[in-house]
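Enquirer: Provided below for reference: sequence and predicted model.
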Amino acid sequence: MQTTRELYCQYLLSSQINYTCTNLANHFANLSHDDVHRYLKEERLTPRLLWEKVSALFKSRPEGYIVFDDVVLEKIHSTKIQGVRRQYSGNQHGIVKGIGVVNCVYFDPVADQFWVIDYRIFDPDRDGKTKLDHVADMLLSAIHRDVLFTYVLIDSWYATSGIMKLLISKHKVFYCPLKANRKVDDTTGKSYQPVSGLTWSATELEQGKLVKLHQFPLDIQVKLFRVVVSTDRTDWLITNDLTQDSTLAAQQESSYRWKIEQFHREEKQLTGIAKCQCRLNRSQRNHIAAASLVWVRLKQLAYQCQTTVYQLKHGLLSDYLRTQLAQPTLKFE
């Protein structure tokens, strides 16, 4: 018996907790741990396979959104897994050991559906690329693949001059938060100061204000909005859509960025994407690719059944419990 992509993905789709090679071999006749390990070591699954799978499942629209963000697949206790490096994890709010993945999610506001359409492994020791390089590559790839979209949503970490200038050159509208210490100028002079130190009129609080970003071309302005989230938290949002004149509308546009956070949570909790224990870089990459394909399948079924990916996956346990209650393997007497 040999391991195939279909078999490995089916295992990730069906398993609830354990996602190791040994567990798969233990639950499939005539399949050895070595064969599963050999498959992950010798196969070559790439992000292109994800695009080939997902491209037929959604319709892109000019009013669509593309969202970029990264996630860390934590390998806290790892000492020998290749590709693991210390990096910041938003989930842990600190530096952890893990494998970084930069994802690209497409959101269709008309159908109210979102799909992961591309990803990149953050491994600068292998390819010399930063997370910003990966975002730029995926943006250009989406355009090359004729994906229709107008809006791009990014986190404050990606709100660099290079990324924003690239988006402007491609005629895309971006919305992104700014860090409190980001310097801007809201006057006609060159007095740059942190956004947290700006003064706001009542009109500006409702409609935003035009500003210039520090170390950004002087002829380019952006619209800045001050969003009071709570008594002890204030956010700042910017967009290159200078016609946007509503803080509430800008906040709504930016809120779609959380679709990618939902994707990260679902993928981690339901596909075992962070649970592979293989040491080789290629094995880890193949597992990540397989997990991404499994999430796409789960999402496809969830949209078809008008349910959630959690109900689908956990429903397998409900089916098991019903079977055991009707015909128990272990009987209580």
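Expert: Sure thing, it's come through.

Enquirer: who's in contact with stretch 216-227?
Expert: 161, 164-165, 168, 178, 184, 186, 195, 198, 200, 204-205, 208-213, 234-242, 244, 247, 250-251 (CB atoms under 8 Å, 6 or more residues apart in numbering). No exception for glycine: its C-beta is placed from N, CA and C like everyone else's.

Enquirer: Of all the residues in it, which ones are buried?
Expert: Within stretch 216-227, the residues that qualify as buried are 216, 221-227, counting by 16 or more other CB atoms under 10 Å.

Enquirer: gap between the two ends of that stretch?
Expert: 23 Å (CA to CA, to the nearest Å).

Enquirer: Which parts of the chain are helices?
Expert: Counting by DSSP state H, the chain has helices at residues 5-14, 21-26, 33-42, 47-54, 124-127, 131-144, 161-169, 202-207, 247-255, 258-271, 281-305, 309-326.

Enquirer: wait, doesn't residue 111 sit right on residue 63?
Expert: No. The pair residue 111 / residue 63 is not scored as a contact, 11.0 Å apart, by CB atoms under 8 Å.

Enquirer: gap between the two ends of stretch 194-206?
Expert: Stretch 194-206 end-to-end distance (CA to CA) = 20 Å.

Enquirer: buried residues in that stretch?
Expert: In stretch 194-206, counting by 16+ other CB under 10 Å, buried: 195, 198, 204.

Enquirer: chain center to it: distance?
Expert: On the basis of CA atoms, centre = their mean, to the nearest Å, stretch 194-206 sits 31 Å off its chain's mean C-alpha point.

Enquirer: same question for that stretch, mean pLDDT?
Expert: Throughout stretch 194-206, pLDDT has a mean value of 93.

Enquirer: can you list contacts of that stretch?
Expert: Contacts of stretch 194-206 (CB under 8 Å, 6+ apart): 178, 180-184, 186, 209, 224, 226, 234, 236, 246-247.

Enquirer: Narrow those residues to those in strands?
Expert: Among these, the ones falling in strands (DSSP state E) are 178, 183-184, 209, 224, 226, 234, 236.

Enquirer: Most widely separated two among these?
Expert: 183 and 234 (16.7 Å; CB to CB).

Enquirer: Residue ranges in the protein under the pLDDT threshold?
Expert: 188-190 (pLDDT under 70).

Enquirer: Quick check: beta-bridge partners of the nearest residue to residue 118 once chain neighbours are set aside?
Expert: Spatial nearest neighbour of residue 118, excluding adjacent residues (CB to CB, 6 or more residues apart in numbering): residue 104 at 4.1 Å. Legend: beta-bridge partners of residue 104 under DSSP bridges are residue 68, residue 118.

Enquirer: so who does residue 104 touch?
Expert: Counting by CB under 8 Å, 6+ apart, residue 104 has contacts 66-68, 116-119, 135, 138-139, 142.

Enquirer: now do 10 Å
Expert: 47, 50-51, 66-69, 115-120, 134-135, 137-139, 141-142, 147, 152, 260 (CB atoms under 10 Å, 6 or more residues apart in numbering).

Enquirer: Drop anything exposed from these.
Expert: 47, 50-51, 66-69, 115-120, 134-135, 138-139, 141-142, 147, 152, 260.

Enquirer: what's the domain layout of this protein?
Expert: Domain assignment for the chain by automatic domain parsing gives 39-155+257-328, 171-254.

Enquirer: and these as CSV, adding distance to residue 18?
Expert: Converted to CSV, the domains of the chain look like this (distance: least, CB to CB, whole Å):
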stretch, distance to residue 18
domain 39-155+257-328, 8
domain 171-254, 38
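
Enquirer: Relative to residue 1, which of those domains is closest?
Expert: Nearest of those (CB to CB): domain 39-155+257-328, 11.1 Å.

Enquirer: hmm, back to that, need the buried ones from the ones in strands among the contacts of stretch 194-206 selected in PyMOL.
Expert: If you want just the buried ones from the ones in strands among the contacts of stretch 194-206 in PyMOL, going by 16+ other CB under 10 Å, the selection is:
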select buried, resi 178+183+184+209+224+226+236
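
Enquirer: what's the closest of the contacts of stretch 194-206 to residue 331?
Expert: Closest to residue 331, out of all of those and judged by CB to CB, is residue 234, at 61.5 Å.

Enquirer: and the residue nearest to the closest one when sequence neighbours are not counted, what does it touch?
Expert: Nearest residue to residue 234, sequence neighbours excluded (CB to CB, 6+ apart): residue 228, at 5.4 Å. Contact analysis of residue 228 by CB under 10 Å, 6+ apart lists 205, 234-235, 247.
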